[in-house]
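what's the 3D shape of this:
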Amino acid sequence: MASRPDDASALRSDTIDESGEAVITRVGGGMLRGSRSGGIVRFLGVPYAAAPFGPLRFAAPAPHPGWSGERDATRPGATAPQAPYGGGLERVLPSVEVAGDEILNVNVWAPEPGQADPTPEFDGVGGPQAPAGGRALQPVLVWVHGGALSRGANALDSYDGSSFARDGVVFVAINYRLGSEGFSVLEGAPLNLGLLDVIAALRWVRREIGAFGGDPGQITVAGQSAGASLIAAALAHPDGKGLADRAILQSGPLAARPRERAGRITRLIAKDLGIAADRDAFASVAPDELVAAQLRVTAGTTPVTGGPGFALAVGEGLADPEDVLGAGAADAIPVLIGSTREEARLWLEPTGLTARISALHLAAARLSFKIRGATMRVYRRNRPGASRGELFGALATDLLLRLPINRFADARLGRGAATWVYEFGWSSPRLGLGAAHCMELPAVFDRLDAADALALTGGAAPESLAGEMHGAWVAFATQGDPGWERWTAERPVRTFDAQTRTVLAPREDERACWD
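Numbering: from 1, shown residues only. Below is the predicted model:
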């Protein structure tokens with residue numbers, strides 16, 4: 001297979017730091033040259049595993065062979081093969097492409113020595129040295145991006161970790177294999193390659209983060225959407241044990257599918273291309289041709305309206321994460337978990353689907369999910385004047401995310417595990433998005449003025465919202481407590497809105513319907 005050329009020209013220049021002073025550190029693979037400016041040290045595009053192409057394509061992640069001399073780490077690394085969003089979502093969700101084979105990489109933002117207390121000193125040769133007085137290294141937050149297991153990248157401006165580094169946290173954003181490269185179900189290839197990438201990245205962070213001033217004994221792993229699903233799977237997987245000390249799960253389904261169901265999209269792609277659903281056949285197809293095929297077979301589908309899509313597959317060490325975690329697999333790890341109030345609006349509003357949801361669609365959803373008439377009456381009563389599409393969205397939001405989150409928190413409560421639950425409730429005026437999926441990201445990263453944020457919020461989000469939410473994430477990463485009451489039988493939920501507050505058992509009448 002031809003190599004993908006190294007060329008970062010497709011990346012927006014505002015995500016590249018070209019003005020900073022050079023700074024050097026060493027990891028297991030060799031010397032890295034990053035940059036420092038504005039009190040923040042950046043090392044970008046750092047490989048944590050070998051390029052998963054050529055003989056390593058559709059194989060478990062392998063150790064990186066290393067490099068000689070100083071490796072330039074001032075620009076983001078290659079992104080996984082993927083296509084931009086379409087169907088209206090491109091108006092609110094950005095895409096970025098950086099070409100190259102070494103897609104298994106991390107970006108690191110760290111407090112510059114002397115900017116945060118405590119902090120190490122970069123010695124320019126062998127990593128950080130503890131400063132006088134024995135002050136500790138910095139806590140670490142590892143970010144796993146979302147994108148339905150088929151899109152996303154750590155090079156997106158949305159995931160710039162400067163605000164976390166500013167507040168004393170070493171922030172690491174990882175890339176992993178996407179789509180057919182990462183989640184095909186193929187004869188002769190391991191399952192869940194993208195998940196194995198995430199586990200390999202976490203292992204690399206535990207081993208190497210001291211070179212960036214991070215504390216390997218204080219690692220919080222966080223992610224949104226598919227990223228949260230991958231974190232849940234990593235916590236449930238035997239190979240992920242002991243790689244995280246805390247976890248933040250944002251709007252991520254907790255379940256995996258049986259191998260047969262998860263492999264549906266692989267079989268459809270194989271049929272589209274006229275090849276067998278095995279490793280040799282898929283490895284004979286160029287990555288961009290696989291991306292084109294997956295676009296064809298997923299045309300018109302969304303996570304809330306159904307259709308073929310990539311999913312984690314049960315097998316080869318991975319049981320259903322909801323069952324494994326519900327049984328106590330990660331009880332020793334404090335967890336912060338939540339969702340937005342109107343998740344489904346992301347797929348219904350920009351696409352125009354809300355207006356196209358018919359009585360037949362609603363009836364089919366009721367039949368498929370065995371929704372009782374009494375449940376429908378409660379949802380309708382609480383939303384006077386709501387259209388069928390709006391009612392469909394409320395039901396989808398609860399079925400996909402809010403109900404599993406409550407079950408997860410309740411199960412942990414019964415065993416005394418520490419859990420905090422939040423809901424993002426601020427409503428964006430842009431394109432009718434409201435409190436849609438992804439809407440919390442600008443607040444979490446305290447980047448309300450970034451272009452990616454403005455596409456979601458329209459510039460209307462209050463500064464206090466970012467202050468509250470970003471501050472809670474920093475507090476959890478540094479102290480293990482986001483600042484409100486942990487989950488109890490009273491069901492306290494921190495509601496992030498124009499006025500942030502803790503609400504006991506919000507919309508309990510709707511949740512109780514499903515019991």
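
in three-state terms, label Ser368 for me.
helix (DSSP: H, G, I helix; E, B strand; the rest coil).

let me know whether Ala293 touches Asp272 as I believe.
Yes. If you go by Cβ atoms under 8 Å, Ala293 and Asp272 touch, sitting 4.8 Å apart. Placement of C-beta: from N, CA and C, glycine included.

what about the two, which has more around it?
Legend: neighbour count by other Cβ atoms under 10 Å for Ala293 and Asp272, higher for Ala293 (21 against 15).

next, the more buried one: secondary structure please.
Classified using three-state DSSP, Ala293 is helix.

now do the contacts for it.
Contacts for Ala293 (Cβ atoms under 8 Å, 6 or more residues apart in numbering) come out as Ser180, Ile269, Asp272, Leu273, Val285.

cool, Arg33 as well?
By Cβ under 8 Å, 6+ apart, the neighbours of Arg33 are Ala22, Val23, Ile24, Glu70, Arg71, Asp72, Ala73, Thr74.

host element of the closest residue to the last one other than its chain neighbours?
Ranked by Cβ to Cβ, 6 or more residues apart in numbering and with sequence neighbours excluded, the top spatial neighbour of Thr74 is Ser35, at 4.9 Å. Assigning secondary structure by DSSP states H and E places Ser35 in strand 30-37.

show the average pLDDT along stretch 265-283.
Over the span of stretch 265-283, the pLDDT mean works out to 98.

any buried residues in it, and which?
For stretch 265-283, burial by neighbour count (16 or more other Cβ atoms under 10 Å) applies to Ile265, Thr266, Leu268, Ile269, Ala270, Leu273, Ala277, Asp278, Arg279, Ala281, Phe282, Ala283.

which ones among those residues lie within helices?
Ile265, Thr266, Leu268, Ile269, Ala270, Leu273, Arg279, Ala281, Phe282, Ala283 (DSSP state H).

can I get the residues you listed in CSV including distance to Ser225?
Conversion of these to CSV gives the following (distance: Cβ to Cβ, whole Å):
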residue, distance to Ser225
Ile265, 18
Thr266, 21
Leu268, 22
Ile269, 22
Ala270, 26
Leu273, 28
Arg279, 28
Ala281, 30
Phe282, 25
Ala283, 28
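
which among the contacts of Ala293 gets closest to Phe58?
Ser180 (9.1 Å; Cβ to Cβ).

right, and the closest one touches Phe282 too?
Yes. Using Cβ under 8 Å, Ser180 is in contact with Phe282, at 6.7 Å.

okay, and the common contacts of those two?
With Cβ under 8 Å, 6+ apart as the test, Ser180 and Phe282 both reach Leu290.

quick one: Arg71 and Ser150, what's the gap?
29 Å (Cβ to Cβ, to the nearest Å).

check which helix or strand the nearest residue to Trp514 once chain neighbours are set aside maps to.
Closest residue in space to Trp514, ignoring its immediate chain neighbours: Leu403 at 5.7 Å, by Cβ to Cβ, 6+ apart. In the assignment (DSSP H and E), Leu403 maps to helix 403-413.

okay, buried residues for that helix please.
Buried residues in helix 403-413, counted by 16+ other Cβ under 10 Å: Leu403, Pro404, Ile405, Asn406, Phe408, Ala409, Ala411, Arg412, Leu413.

list the pairing partners of the helix or strand that it is followed by within its sheet, with orientation.
Scanning forward in sequence from helix 403-413 by DSSP H and E, the next helix or strand is strand 419-424. Using DSSP bridges, the strands paired with strand 419-424 are strand 335-340 (parallel), strand 492-496 (parallel).

let me know the angle separating strand 419-424 from helix 403-413.
Per axes from the mean of the first three to the mean of the last three Cα atoms, to 10 degrees, the angle that strand 419-424 makes with helix 403-413 is 160 degrees.

hey, C-alpha coordinates of the following helix or strand past strand 419-424 in PDB?
Using DSSP H and E, the helix or strand that directly follows strand 419-424 along the chain is helix 441-444. In PDB, the C-alpha atoms belonging to helix 441-444 read as follows (Å, rounded to 0.1, in the frame of the first residue of the first chain):
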ATOM      1  CA  LEU A 441     -17.500  21.000  24.800                       C
ATOM      2  CA  PRO A 442     -16.800  24.800  24.500                       C
ATOM      3  CA  ALA A 443     -17.600  25.100  28.200                       C
ATOM      4  CA  VAL A 444     -15.500  22.100  29.300                       C
END
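
list the buried residues in the helix or strand following helix 441-444.
As assigned by DSSP H and E, the chain's next helix or strand after helix 441-444 is helix 451-457. Applying a neighbour-count criterion of 16+ other Cβ under 10 Å, one finds Asp452, Ala453, Leu454, Ala455, Leu456, Thr457 buried in helix 451-457.

which neighbouring elements make contact with helix 451-457?
helix 441-444 (3 or more Cβ pairs under 8 Å, 6 or more residues apart in numbering; DSSP states H and E).

output the contacting helices and strands for the helix it packs on.
In terms of contacts (3+ Cβ pairs under 8 Å, 6+ apart), helix 441-444 is packed against helix 451-457, helix 463-479.

Trp109 is nearest to which of those helices?
helix 463-479 (13.1 Å).

Leu93 contacts Tyr85, correct?
Yes. Between Leu93 and Tyr85 there is a contact under Cβ under 8 Å: 4.7 Å.

list residues touching both of those two?
By Cβ under 8 Å, 6+ apart, the residues touching both Leu93 and Tyr85 are Arg151.

who has more neighbours, the two?
Leu93 (22 against 17).

the more buried one sits in which helix or strand?
Using DSSP H and E, Leu93 sits in no helix or strand.

what's the closest of the buried residues of helix 451-457 to Gly168?
Ala453 (22.6 Å).

give the bridge partners for Glu21, please.
With DSSP bridges as the rule, Glu21 is bridged to Arg36.

what is the burial count for Arg26?
Counted with other Cβ under 10 Å, Arg26 comes out at 17.

quick one, helices of the stretch 51-200 of the chain?
162-166, 179-183, 193-208 (DSSP state H, counting those that start in this stretch).

out of those, nearest to Glu102?
Using Cβ to Cβ, those put helix 193-208 closest to Glu102, at 12.4 Å.

ok, and for the closest one, which residues are buried?
193-206, 208.

how far does it sit from the chain's center?
14 Å (Cα atoms, centre = their mean, to the nearest Å).

show me what that helix is packed up against.
strand 105-111, strand 138-144, strand 170-174, helix 179-183, strand 214-224, helix 226-236.

nearest to Phe43, of these?
Of the helices and strands packed on helix 193-208, the one closest to Phe43 (Cβ to Cβ) turns out to be strand 105-111, at 4.5 Å.

for the closest one, packing partners?
Strand 105-111 packs on strand 40-47, helix 162-166, strand 170-174, helix 193-208, going by 3+ Cβ pairs under 8 Å, 6+ apart.

measure how buried Gln250 is and give me the count.
By other Cβ under 10 Å, neighbour count at Gln250 equals 26.

and the residue nearest to it when sequence neighbours are not counted, what does it touch?
Nearest non-adjacent residue to Gln250, counting by Cβ to Cβ, 6+ apart: Gln224, 4.0 Å away. Shown in contact with Gln224 (Cβ under 8 Å, 6+ apart): His145, Gly146, Gln250, Ser251, Gly252, Cys438, Glu440, Leu441, Val444.

repeat that for Asp160.
Thr15, Trp109, Phe445, Arg447, Ala450.

quick one: which of those residues is nearest Cys513?
Phe445 (35.0 Å).

per-residue pLDDT, the closest residue to that closest one other than its chain neighbours?
Nearest non-adjacent residue to Phe445, counting by Cβ to Cβ, 6+ apart: Ser163, 5.8 Å away. What the model reports as pLDDT for Ser163 is 98.
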